[in-house]
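3D, please:
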Amino acid sequence: MEKLKHTATVIIGVVIASQIYFNFLIKNFTVAFSVVIFSVFLYSYTELNPIITAIITGVSITLYRSILVYTTNTNLLKTIKITTPEIAFYTAYGLIFYFLYYKIKEKNLTKFILSTFCCDFISNVLEISIRTQITGENSTMIRALLIVACVRSLMALIILIGLKYYKSFLIKEEHEERYRNLILLTSSFKSEIYFMNKNASEVEDVMRKSFSVYEIVSKNNYPEKLKDLTLDIAKDVHEIKKDYLRVMRGLEDMSNEKIDNEHMNIKDIIDILKIDTRDYINSANMNIELDFKIKENFYVSQHFYLVSIIKNLIFNAIEAVDDTKKGVVKLNIEKESDNYIFTVSDNGTGINKGDLDFIFNPGFSTKYNKETGNICRGIGLTLVKDLVQDVFKGSITVQSEKNKGTTFIVKIPENSLRR
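Numbering: from 1, shown residues only. Predicted coordinates:
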């Protein structure tokens, strides 16, 4: 099925390209761009037999040209005489190509171009011989055909080199996109694991309290049903703790700790975040301008956590922007003394003064889904604060004015970023 599709592609492509031509040397002999396209297809579709493909292509072009020629002279014999020599050209081309290139083991672009040159020249000589009914040509004609073969081979070479560069460009773009997605996904993944590790101590504390309750109930004259209930609660919490830790350890094993050893340039980090943020803004049809400034470049060791911090603050700023006006989200990175300062600001709705003391608390959120009414889980700013303080030994502060905007300022010691 694949061969059939490729054969059809060759026929259609060559027939279309055959419309680009000029008359040359003798009457009814044309030099067409279709030969260049045909050679490019032979190079690309290596699974196609060049002899069969050439014969089918030659017949197809002959039929197509016959229709065009017949409409102008309405003489069938004359039409056949004008168009059928092209079958000989393509058949000869396929045969020569088969033995010069298709059958050899070690193939490369240089051998291919030399083969197409020979195929073009010899096939043209054969076609002219048929059209003029002679077995030899004069030196002027031979030189002209050599030039034609050379030019068309060079054109095929240029096209193939262009295609190779284009494919390399697409592959590079794809790899860069995969790399960006990997960085962002791993950042979220590792940040969630970090948050789960923090929660593990809270689960441990709940388990201790549940066993303490059971011990108190057991030592006093409480009903047996209450004793059994407290014991069941203690056992259930213990099982939950074991399952939680097992899942957490499995996730930690999945994350590649070696990646953290690779230092990452802050400009590369921000470029990744900028592309991701723009894609999100465009997909959501938001009217938001991004203004990211990096006043000093440096390398970050634990870059996944820093990506998570900055991304959370940027997307928090985007969500705060009012739909009724043009939003502006700014990121400024600079160095002050021995600290790096990360400032994320917006011109959004701002935060109520009464909420400023609680925005970093676990579970606190003022955001909700307008369609479902579900409140967001509210761990973004909590995670940001934990990562800033525990991982980077830094600090985070917030300034906000209602209906004017909010600014988050993260201060991280230089030695914490580059260690």
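
What sits closest to K402 if chain neighbours are left out?
G350 (4.2 Å; CB to CB, 6 or more residues apart in numbering). C-betas here are computed from N, CA, C, even on glycine.

Let's verify T116: helix, strand, or coil?
helix (DSSP: H, G, I helix; E, B strand; the rest coil).

Let me see the contact set for it.
For T116, the contacting residues are 39, 97, 152-153, 156, by CB atoms under 8 Å, 6 or more residues apart in numbering.

what about the nearest residue in space to it that is not next to it in sequence, which helix or strand?
Spatial nearest neighbour of T116, excluding adjacent residues (CB to CB, 6+ apart): S39 at 4.5 Å. Assigned by DSSP states H and E, S39 belongs to helix 34-44.

quick check, distance from the strand or helix carrying Y194 to the centre of its chain.
Element membership for Y194 (DSSP H and E) is helix 139-219. Averaged C-alpha coordinates place helix 139-219 at 7 Å from its chain's average position (CA atoms, centre = their mean, to the nearest Å).

Packing partners of that helix?
Applying 3 or more CB pairs under 8 Å, 6 or more residues apart in numbering; DSSP states H and E, one finds that helix 139-219 contacts helix 34-44, helix 109-132, helix 224-254, helix 266-283, helix 303-320, helix 380-386.

Check which strands are paired with the very next helix or strand once past the fourth one and give the direction for each one.
What that stands for is helix 266-283. The first helix or strand that comes after helix 266-283 along the chain, using DSSP H and E, is strand 288-294. Using DSSP bridges, the strands paired with strand 288-294 are strand 327-336 (parallel).

And the contacts of the partner strand?
Residues outside strand 327-336 that contact it (CB under 8 Å, 6+ apart) are 266, 270, 277, 286-296, 298, 310, 314, 317-318, 321, 340-348, 414.

Look up the closest residue to K404, ignoring the ones flanking it.
Of all residues not flanking K404 in the chain, G350 sits nearest, at 5.7 Å (CB to CB, 6+ apart).

Is the one you found part of a helix or strand, or is it coil?
Under three-state DSSP, G350 falls in the coil class.

With the one 4 residues further on instead?
When states are read from three-state DSSP, the local structure at G354 comes out as coil.

Going forward, the N-terminal residue is numbered 418.
Okay, using 418 as the starting number, the last item reads as G771.

neighbours around it, how many?
Applying other CB atoms under 10 Å, we find 7 other residues in the vicinity of G771.

Quick check on it: phi, psi?
Backbone torsions for G771, taken as degrees, to the nearest 10, come to phi -70, psi -20.

pLDDT below threshold where in the stretch 568-717 of the chain?
Of all residues in the stretch 568-717 of the chain, those with pLDDT under 70 make up the ranges 615-616, 661-662, 664-679.

Any stretches of the stretch 718-836 of the chain with poor pLDDT?
Ranges of the stretch 718-836 of the chain meeting pLDDT under 70: 779-796, 836.

now do 50
Low-confidence segments of the stretch 718-836 of the chain, defined by pLDDT under 50: 785-787, 789-795.

Just the pLDDT for the closest residue to Y519 other than its chain neighbours.
Leaving aside its chain neighbours, Y519 sits nearest to P467 (5.2 Å; criterion: CB to CB, 6+ apart). For P467, the model assigns a pLDDT of 90.
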